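# any chance you can model this:
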Amino acid sequence: MKRDGELLVAMTGKASSAKAATGDKPVFAYIASLPEPQRGIAERVDALAAETLPGLERAVKWGMAYYGVDGGWCFSSGAFVGHLKVMFIRGTSLAPEPPVAPIGMGKATRGVELASLDDLDEGRVAEWMRQAATMPFVGGKKR
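Predicted coordinates for the structure are as follows:
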């Protein structure tokens, strides 16, 4: 049982214990399992994705929330100690390129680290979401 103030596995920088599953329900459960402030940031990123991308698809993969369209994945959202990372799978193709190159996420992945809701530039992130939706990642192939 998790004690108050104890970090979840996802908060230690390792993948969370969330099981891989497709659909809204597992992503909402993953987000609900996060401590604050990561939960509030993840809720807003999820809502922004739903507002920005028609036909949004959700899944939990590798202990993080994944978002996509047309059967392909565009970006992920994962909680770590002190922040939430939003990582765009084809981030090096976005303009402007997101500033963070996460370790172990692929050479083209770029994203942002958000320590609070104040760090979320909704206009910029929504634009990256729209751009990413034009080039979803499907089985190692770019559409």
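# strands of this structure, start to end?
In the chain, the strands defined using DSSP state E lie at 21-22, 57-61, 64-69, 72-80, 83-88, 110-114, 137-138, 141-142.
# so what's the most centrally placed residue in the chain bridging to?
Among the residues of the chain, the one closest to the centroid is residue 77, at 1.5 Å (C-alpha atoms, centre = their mean). According to DSSP bridges, residue 65, residue 86 are recorded as the beta-bridge partners of residue 77.
# returning to that earlier point: any chance of the strands of the chain in CSV, plus distance to residue 51?
Backbone N, C-alpha and C define where each C-beta goes, glycine included. Converted to CSV, the strands of the chain look like this (distance: least, C-beta to C-beta, whole Å):
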stretch, distance to residue 51
strand 21-22, 21
strand 57-61, 14
strand 64-69, 12
strand 72-80, 15
strand 83-88, 15
strand 110-114, 17
strand 137-138, 22
strand 141-142, 25
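# lowest average pLDDT across those strands?
When mean pLDDT is averaged over each of the strands of the chain, strand 141-142 scores lowest at a mean of 46.
# who touches residue 101 in this structure?
For residue 101, the set of contacting residues under the criterion of C-beta atoms under 8 Å, 6 or more residues apart in numbering consists of 109-110.
# what distance do you get for it to residue 110?
When distances are taken as C-beta to C-beta, to the nearest Å, residue 101 and residue 110 turn out to be 6 Å apart.
# look up how far residue 36 lies from residue 88.
The separation that residue 88 has from residue 36, given C-beta to C-beta, amounts to 25 Å.
# what's the neighbour count on the closest residue to residue 97 other than its chain neighbours?
Beyond its immediate neighbours in the sequence, the residue positioned closest to residue 97 (C-beta to C-beta, 6 or more residues apart in numbering) is residue 110, lying 5.6 Å away. Using other C-beta atoms under 10 Å, the number of residues around residue 110 comes to 25.
# how about residue 26?
Counted with other C-beta under 10 Å, residues neighbouring residue 26 total 18.
# check it and give its pLDDT.
If you check residue 26, the pLDDT there is 96.
# do you know how far it is from residue 130?
Note on residue 26: its distance to residue 130, by C-beta to C-beta, is 25 Å.
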